[in-house]
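Asks: I'd like to go over a predicted model; first the sequence, then the structure.
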Amino acid sequence: MKFFIKIPESIEQLPSIKTGNGKLLWISSVDHKQLGIMYLWLALFFFIIGGLEAMVLRAQLALPNNELISPETYNQLFTMHGTTMIFLVLMPALIGLGTYLIPLMIGANEMAFPRLNAFSLWMTFMGGTLLYFSFFAGGGPDAGWFNYAPLSENNYSSSHGVDYYLIGLILTGIGSIGAALNFVTTVLTLRAPDMKLNMLPLFVWMMFINGFLILAAFPLLNAGLFMMLIDRQFDAHFFIPSSGGSAILWQHFFWAFGHPEVYILALPAFGIISEVIPVFSRKPIFGYKFVASSTVAIALLAFGVWVHHMFAVGMSNTVNGFFAASSMLIGIPTGIKVINWIGTMYKGSIRMTVSMMFALAFLIDFTIGGLSGASFAIVPIDWQLTDTYYVVAHIHYVFLGGTAFGIFAGIFYWFPKITGRHLSEKLGKWHLWLFVFGFNMTFLLQHMLGILGMPRRIYTYPDLPYWKILNLISSIGAIFMFVAIGIFLYNIFITLKKPRSAEDNPWEAWTLEWSTPSPPNLKNFEQLPPIHSRRPLWDLNNPDNPDKRLN
């Protein structure tokens, strides 16, 4: 007896995700496009949770001597807010975009390891689930997203929240390592035969280099997490000073991961911006080789700057001087990218879509974050401003004004390709302007709060000069961002209810993913267009203009 199974030709032929069969197909899927979409939904889900946590924190800090929530609740919320946004929002969103787009952009039909791809997603999901299960098991983690020892040891934090933090992040770290291995192997082995490494789209190039960063950085974090878990569960003495351990050792493990993590979150956003700006400026990227090579320089330098997070712990002037110099040096390749993006727009025919506007907002706000970060390379300034709200402002300008704005630019750019539908540009502009206004209203003033001496991680504060008004304005700015995200969610909701109407290449872009239907078929490519340059679709559509090719 023979059985014949008809394989669907496209994702839209699959049963709906709302049906029983549809749920099973998505949950058991190893298709990179479906896994990428699930990564993005996972990031959006935790983004809503992390945003609600931030609103409660800003409500507590809106006025001096406020008692809206208890100190214990505050500690748990600010710990989970930072952990959620970094490990459960930004990382899954960037990995999701990479998972969806890399095979399409290099002419492949699948990732190198499809089952590892699915495994990575579900490990990330399980890690996030365990983190939040801690609230049902006696209280969430309360030692900050950096989980400093000895604050995280049993004699300071005896609840199981820190244990769930450790196990949850170990699982998400394993998921990230699996994804990185997949990215590197896919780019090396499955790209189109005529596509050389120096012809990769810049988003793929950034994700490729990012894979090496993840493979080098996350084992450091997981090693430290395992050591702390052994400390807590088996009374080891890695990080307990009273038993001969070293609390500073935990900081070395964490920040040896933590500063490369800044670039792990920034490089994919750089890649998104490097795709969006050329397309909407109608010019090839200015200085492709400089953008690509500066990415390698950032990856190498990222592992030599972590101690600038630790200048205040009392290390020698020699150590401080070395890491101050390396921290200043890493600003050079990042500055090169900013010059390349500006050079790309110069004399370009700029089209102000929402995606392009988010790219411009990224360019401005990430530069502000980079400049404030450079100030921490100056040791006396770092001593004055460390653990103040100046640091809070800096990290949000890098992660929110940088990475999140890049993700928004990418979502509006690739949404037609992923779903076959265009997000509303009108609603998108409301989202953009409210979010950008609220973001700068909230965090620009926090630089001033830090200079005035307001420490971070405090539950409440006295009514000192200017503290009340600056905190109140910051909290009002958070409301604007909250409304903006509500508009974004509404935009997604109403767009997904519309029929598919997006063209295969609505932006007249040049990379291979735009040669497929919108959304792509289950098999990405039946045949590939000729690849002679970094802009294969331009070459295909302009065969009589070889002088305008990017060679």
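Replies: Arrived safely, thanks for sending. What you see is a predicted model, and the numbers here were worked out from it, not measured in a lab. Residues are numbered from 1 along each chain as shown.
Asks: Tell me where the stretch 451-551 of the chain has helices.
Replies: Counting by DSSP state H, counting those that start in this stretch, one finds helices in the stretch 451-551 of the chain at the ranges 467-496, 536-541.
Asks: and for stretch 504-516, what are the contacting residues?
Replies: Stretch 504-516 has contacts (CB atoms under 8 Å, 6 or more residues apart in numbering) with 101, 104-107, 192, 201, 275, 278-280, 353, 413-414, 416-417, 422, 517-518, 520, 524-525, 528-529, 531, 534-538, 540. All C-beta atoms are positioned from the backbone trio N, CA, C, and that covers glycine.
Asks: Ok, stretch 394-402 next?
Replies: If you take CB under 8 Å, 6+ apart as the criterion, stretch 394-402 is touched by 85-86, 90, 262, 265-266, 269, 361-362, 365-366, 368-370, 372-373, 376, 439, 442-443, 446-447.
Asks: Quote the end-to-end distance of that stretch.
Replies: With CA to CA, to the nearest Å as the measure, stretch 394-402 spans 11 Å from end to end.
Asks: Can you mark which positions in the strand or helix carrying residue 188 are buried?
Replies: Following DSSP states H and E, one finds residue 188 within helix 161-190. Of the residues in helix 161-190, 161-184, 186-187, 190 count as buried by neighbour count, 16 or more other CB atoms under 10 Å.
Asks: what residue lies at the spatial centre of the chain?
Replies: Central residue check for the chain by CA atoms, centre = their mean: the C-alpha nearest the mean position is that of residue 90, 3.1 Å away.
Asks: is it true that it touches residue 266?
Replies: No: with contact defined as CB atoms under 8 Å, residue 90 does not count as touching residue 266 (9.8 Å).
Asks: joint contacts of the two?
Replies: In contact with both residue 90 and residue 266: residue 403, using CB under 8 Å, 6+ apart.
Asks: hang on, the earlier thing: can you say which of the contacts of stretch 504-516 are buried?
Replies: Buried, going by 16+ other CB under 10 Å: 101, 104-107, 192, 201, 275, 278-280, 353, 413-414, 416-417, 422, 517-518, 520, 524-525, 528, 531, 534-538, out of those.
Asks: Return the angle between stretch directions for the helix or strand containing residue 220 and helix 161-190.
Replies: Taking DSSP H and E as the definition, residue 220 sits inside helix 202-234. Interaxial angle, helix 202-234 versus helix 161-190 (axes from the mean of the first three to the mean of the last three CA atoms, to 10 degrees): 150 degrees.
Asks: what's downstream of helix 202-234, the next helix or strand?
Replies: Following helix 202-234 in sequence order, the next helix or strand is helix 247-281 (DSSP H and E).
Asks: Mind listing what's buried along that following helix?
Replies: Under 16+ other CB under 10 Å, the buried positions of helix 247-281 are 247, 250-281.
Asks: And stretch 498-512, by the same measure?
Replies: Going by 16+ other CB under 10 Å, stretch 498-512 has these buried residues: 502, 505, 507, 509-512.
Asks: before we move on, back to that, reformat the helices of the stretch 451-551 of the chain as TSV; add mean pLDDT.
Replies: Below are the helices of the stretch 451-551 of the chain laid out as TSV (pLDDT from 0 to 100):
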stretch	mean pLDDT
helix 467-496	97
helix 536-541	87
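Asks: Can you redo those helices as CSV, where the extra columns are distance to residue 320?
Replies: Shown next, in CSV, are the helices of the stretch 451-551 of the chain (distance: least, CB to CB, whole Å):
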stretch, distance to residue 320
helix 467-496, 30
helix 536-541, 49
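Asks: Among those helices, which comes closest to residue 205?
Replies: Smallest distance to residue 205 across the helices of the stretch 451-551 of the chain (CB to CB): 15.6 Å, for helix 536-541.
Asks: Using PDB, write out every CA atom in that closest one.
Replies: In PDB, the C-alpha atoms belonging to helix 536-541 read as follows (Å, rounded to 0.1, in the frame of the first residue of the first chain):
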ATOM      1  CA  PRO A 536      21.600  41.400  -8.200                       C
ATOM      2  CA  LEU A 537      18.100  42.800  -8.600                       C
ATOM      3  CA  TRP A 538      19.500  46.100  -9.900                       C
ATOM      4  CA  ASP A 539      21.600  44.200 -12.400                       C
ATOM      5  CA  LEU A 540      18.600  42.100 -13.500                       C
ATOM      6  CA  ASN A 541      16.300  45.200 -14.000                       C
END
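Asks: Only the buried residues of stretch 454-461, if you could.
Replies: 454, 456, 459, 461.
Asks: show me the residues around the second one that make contact.
Replies: Residue 456 sits next to 387-389, 391-392 when contact means CB under 8 Å, 6+ apart.
Asks: try residue 389
Replies: Residue 389 neighbours (CB under 8 Å, 6+ apart): 446-447, 449-450, 454-456.
Asks: Let me know the distance separating it from residue 273.
Replies: From residue 389 over to residue 273 the distance is 28 Å, taken as CB to CB, to the nearest Å.
Asks: In the chain, where is pLDDT below threshold?
Replies: By pLDDT under 70, the low-scoring segments of the chain are 1-23, 154-158, 544-551.
Asks: picking that back up, list the ones among the contacts of residue 456 that fall in strands.
Replies: Judged by DSSP state E, strands contain none of the contacts of residue 456.
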